[in-house]
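Enquirer: Starting from these lines, generate the structure:
(one chain, ligands or ions: 6)
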Amino acid sequence: MKKQMKVFVLVVVMVAGVIMEGTEGRKGKIAGSLEYSAISCRAHSASILDFGGVGDGVTLNTQAFRSAVDHLSQFQSDGGAQLFVPAGKWLTGSFNLTSHFTLYLHQDAVILASQEINTWAVIDPLPSYGHGRDAAGGRYISLIFGTNLTDVVITGENGTVDGQGLVWWQQFKKKKLKYTRPYLLEIMHSDNIQISNLTFLNSPSWNIHPVYTSNIIIQGITILAPITSPNTDGINPDSCTNTRIEDTYIVSGDDCIAVKSGWDEYGINYGMPTKHLIIRRLTCISPYSAAIALGSEMSGGIQDVRADDITAIQTESAVRIKTGVGRGGYVKDIFVKNMKLHTMKWVFWITGNYGSHADTHFDPNALPEIKGINYRDIVAENVTMAARLEGISGDPFTGICIYNATIGLSKKPKKYQWTCSDVEGVTGAVVPPPCALLPPTQVDEKFGMCDFPSDSLAIDSVELQKCSFEMNLF
Ligand SMILES: *[C@@H]1O[C@H](CO)[C@@H](O)[C@H](O)[C@H]1NC(C)=O
Ligand SMILES: *[C@@H]1O[C@H](CO)[C@@H](O)[C@H](O)[C@H]1NC(C)=O
Ligand SMILES: *[C@@H]1O[C@H](CO)[C@@H](O)[C@H](O)[C@H]1NC(C)=O
Ligand SMILES: *[C@@H]1O[C@H](CO)[C@@H](O)[C@H](O)[C@H]1NC(C)=O
Ligand SMILES: *[C@@H]1O[C@H](CO)[C@@H](O)[C@H](O)[C@H]1NC(C)=O
Ligand SMILES: *[C@@H]1O[C@H](CO)[C@@H](O)[C@H](O)[C@H]1NC(C)=O
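Expert: Residues are numbered from 1 along each chain as shown. Ligands and ions are numbered 1, 2, ... in the order given. Model prediction:
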């Protein structure tokens, strides 16, 4: 098998945007070149056009994507391969990714999800959930899916993945779906993943779902869905270790980022936490949900989350913890700093009676441990109520620390700005004055208060390489 693959370079060159000199030394060799940053570069390249792809928005490209990935998977141990998706509208059903692989979308490429619900394959529920989220049985496979992979990059010049979710939202609202709705991108049991510089539109449900995965960089992503669309969470790191989500803009019908780790007894048994998660430079608009939610599925535990530079506009709450009796697990060592908030129902919201159980078999003695929740440097405007903090009776949520928060109220604020029950902690320099359960404390000059960790996480030292995308014709 020849290493160089035949490609329709002229077409690629026409759409490539950045074009280097047309011809190089060797006779007949033409190179189109693009540059991008990635965790690793690839030795082999192909275009979806090589596999019969047609970008007219009507022709179904499922087979083209599947053949392309099948073919390029042979280069896994030979430098890896990148698949280029040129400008156009590429209608497709679900396809799987492979290892040492880059999917690169041109800026005017739109991957359009097929709306034929009956053509979507059904896969098993996640072991840490035991059930689908919409219906008890299986789940429709995600549009772009990968499992047991290493070294995968999904990127490109702000190209688009459009879930065309309307039909799914309608069927869901009519309770007509037999299985859980698909996500736009799900990566399971994998390692070394990059998702960058893309726009995700109108997902049928959650947008980006890395699960049981480690070493993930998500950067420069725009996620847009109607603010009333059901469960269109932006990014859901679920039982993941070492994740860095940065420079992301999300408008959605559910939590912009929802940190998870499995559901009730299934999550407790699976026992895989989400830990070492960085979220920075997030902008969120989500009037009925949180900028960042921790839970409600947190039964495998959530630990060491560091959120910095968070802007939320017209969002229900900022960083919300959702849990309940039966969840078990823990949420601890959570650090949030530098939030700018505008128009919000509750700045601080912790819910200990979330309900929403996988089934009736949950263990009523499985109480979550919520401890070490730190918020600092917060400016909010036009807020209805500063805080609603509700722990669980007999299971207080402890170590809540709030420092340097100035909360400006709306024209019709609630009379009581703080309601607190079954919580313990301290505050400093917080306006309006907090509830009695979070008394003001003298700030330690030396150690500060509610401080952000000063060490850096391994995922932060991953440097991206400059890759170029060259397509050669013999
Ligand atoms: C994303 O795009 C920006 C702006 O074009 C660029 O600076 C950055 O390197 C890109 N990042 C990745 C990971 O491709
Ligand atoms: C994609 O992967 C899933 C899980 O391994 C599998 O069930 C499905 O058949 C694969 N789809 C294709 C088209 O290979
Ligand atoms: C994928 O990885 C998981 C977790 O290690 C393992 O249980 C499963 O058998 C693997 N699946 C395949 C298809 O290799
Ligand atoms: C990417 O595209 C989206 C949707 O058109 C747009 O809102 C966003 O500003 C674009 N991002 C960049 C970095 O160009
Ligand atoms: C308080 O928060 C504001 C806004 O984030 C910040 O500019 C200021 O430096 C903080 N003050 C202290 C003493 O940390
Ligand atoms: C303030 O919040 C209210 C909702 O509580 C909203 O209707 C109003 O438009 C907001 N005002 C500004 C100036 O954003």
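Enquirer: Check whether Ala429 really touches Asn404, as I assumed.
Expert: Yes. In this structure, Ala429 is within contact of Asn404 by CB atoms under 8 Å, at 4.8 Å. C-beta coordinates here come from the backbone N, C-alpha and C atoms, glycine included.
Enquirer: The two: who's more crowded?
Expert: More crowded of Ala429 and Asn404, by other CB atoms under 10 Å: Asn404, with 20 against 14.
Enquirer: Point out where this structure drops to low pLDDT.
Expert: Scanning the chain for pLDDT under 70 picks out the ranges 1-32, 471-474.
Enquirer: could you redo the last one with a cut-off of 90?
Expert: Residues of the chain meeting the criterion pLDDT under 90: 1-34, 135-137, 412-414, 442-448, 468-474.
Enquirer: Which parts of it are helices?
Expert: Per DSSP state H, the chain carries helices over the ranges 9-15, 62-72, 166-173, 264-270.
Enquirer: if I look at the residue nearest to the spatial centre of the chain, how far off is ligand 5?
Expert: Closest residue to the average C-alpha location of the chain: Ile235 at 1.7 Å, with CA atoms, centre = their mean. Between Ile235 and ligand 5 the distance is 24 Å, computed by CB to the nearest ligand atom, to the nearest Å.
Enquirer: and the single nearest residue of the chain relative to ligand 2, what are its bridge partners?
Expert: Per CB to the nearest ligand atom, Asn96 is where the chain lies closest to ligand 2, at 3.8 Å. On the basis of DSSP bridges, Asn96 is bridged to Phe145.
Enquirer: which residues sit in contact with it?
Expert: Taking CB atoms under 8 Å, 6 or more residues apart in numbering, we find Asn96 in contact with 66, 69, 145-147.
Enquirer: export these to TSV and tack on neighbour count and distance to ligand 1?
Expert: TSV is the format used below for the contacts of Asn96 (neighbours: other CB atoms under 10 Å; distance: CB to the nearest ligand atom, whole Å):
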residue	neighbour count	distance to ligand 1
Arg66	16	25
Val69	19	21
Phe145	20	22
Gly146	26	18
Thr147	15	23
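Enquirer: ok, and for stretch 109-122, which residues are buried?
Expert: Neighbour-count burial for stretch 109-122 flags 109-114, 117, 120 (criterion: 16 or more other CB atoms under 10 Å).
Enquirer: Same list (the residues you listed) but as CSV, adding distance to ligand 5.
Expert: Output for the buried residues of stretch 109-122, formatted as CSV (distance: CB to the nearest ligand atom, whole Å):
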residue, distance to ligand 5
Ala109, 39
Val110, 38
Ile111, 39
Leu112, 41
Ala113, 40
Ser114, 46
Ile117, 46
Trp120, 45
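Enquirer: From the residues you listed, pick the one nearest Phe469.
Expert: Nearest to Phe469 among those: Ala109, at 13.1 Å, using CB to CB.
Enquirer: which ones are touching that closest one?
Expert: 55, 85-88, 90, 156, 159-160 are the contacts of Ala109 under CB under 8 Å, 6+ apart.
Enquirer: separation between Thr384 and Arg327?
Expert: As judged by CB to CB, to the nearest Å, Thr384 and Arg327 stand 27 Å apart.
Enquirer: of the two, who's got more company?
Expert: Each of Thr384 and Arg327 has its neighbours counted (other CB under 10 Å); Arg327 has more, 32 against 17.
Enquirer: Please verify my assumption that the more buried one contacts Gly300.
Expert: No. Assessed by CB under 8 Å, Arg327 is found out of contact with Gly300, at 10.0 Å.
Enquirer: buried stuff in stretch 431-444?
Expert: 432, 434-435, 437-438.
Enquirer: Determine which two of those residues are furthest apart.
Expert: Farthest apart among the buried residues of stretch 431-444 by CB to CB are Pro432 and Leu437. That separation is 15.1 Å.
Enquirer: and the residue of the stretch 51-200 of the chain nearest ligand 5?
Expert: Going by CB to the nearest ligand atom, ligand 5 is nearest to Ser196 of the stretch 51-200 of the chain, at 27.7 Å.
Enquirer: Who are the contact partners of that residue?
Expert: Counted by CB under 8 Å, 6+ apart, Ser196 has contacts 37-38, 153-155, 217-221.
Enquirer: let's see it at 6 Å
Expert: 155, 219-220 (CB atoms under 6 Å, 6 or more residues apart in numbering).
Enquirer: Can you measure across stretch 176-193, start residue to end residue?
Expert: Stretch 176-193 has an end-to-end distance of 34 Å (CA to CA, to the nearest Å).
Enquirer: And for it, what's in contact with it?
Expert: Contacts of stretch 176-193 with the rest of the structure, by CB under 6 Å, 6+ apart, involve 122, 132-135, 137-140, 142-152, 161, 163, 168, 171, 200, 203-216.
Enquirer: Tell me the buried residues in that stretch?
Expert: Within stretch 176-193, judged by 16+ other CB under 10 Å, the buried ones are 177, 179-188, 190-193.
Enquirer: Taking those, tell me the two that lie furthest apart.
Expert: Farthest apart among the buried residues of stretch 176-193 by CB to CB are Leu177 and Asn192. That separation is 33.6 Å.
Enquirer: Surely Val347 is in contact with Arg320?
Expert: No. Using CB atoms under 6 Å as the test, Val347 is too far from Arg320 to be in contact (10.0 Å).
Enquirer: Any idea what the residue of the stretch 101-250 of the chain at minimum distance from ligand 5 is bridged to?
Expert: Closest contact between the stretch 101-250 of the chain and ligand 5, by CB to the nearest ligand atom, is at Glu246 (18.5 Å). Listed beta-bridge partners, Glu246: Gln219, Arg280 (assigned using DSSP bridges).
Enquirer: measure it to Glu390 for me?
Expert: Glu246 sits 31 Å away from Glu390, going by CB to CB.
Enquirer: what do you get for Gln76?
Expert: As judged by CB to CB, Gln76 and Glu390 stand 50 Å apart.
Enquirer: can you check Thr323 too?
Expert: 10 Å.
Enquirer: if we look at ligand 4, which of the contacts of Asn96 are close to it?
Expert: For ligand 4, no contacts are drawn from the contacts of Asn96 by CB under 6 Å from any ligand atom.
Enquirer: ok, these vs ligand 6, which is closest?
Expert: Phe145 (39.6 Å).
Enquirer: Against Leu184, how distant is that closest one?
Expert: Phe145 is 10 Å from Leu184, where distance means CB to CB.
Enquirer: Could you do Ile302 as well?
Expert: Taking CB to CB as the measure, Ile302 falls 23 Å from Leu184.
Enquirer: next one: Gly301
Expert: 26 Å.
Enquirer: What are the contacting residues of stretch 389-398?
Expert: By CB under 6 Å, 6+ apart, the residues outside stretch 389-398 that reach it are 350-352, 367, 370-371, 420-424.
Enquirer: let's see it at 10 Å
Expert: Under the contact criterion CB atoms under 10 Å, 6 or more residues apart in numbering, stretch 389-398 has outside partners 321, 323-325, 327, 331-332, 346, 348-354, 367-373, 400, 402, 418-425, 434-435, 437-438.
Enquirer: Using neighbour counts, trim the residues you listed to the buried set.
Expert: For the contacts of stretch 389-398, buried by 16+ other CB under 10 Å: 321, 323-325, 327, 331-332, 346, 348-352, 354, 367-368, 370-373, 400, 402, 418, 420, 422-423, 425, 434-435, 437-438.
Enquirer: is stretch 311-331 anywhere near ligand 6?
Expert: No. Applying CB under 6 Å from any ligand atom, one finds stretch 311-331 separated from ligand 6 by no less than 7.8 Å.
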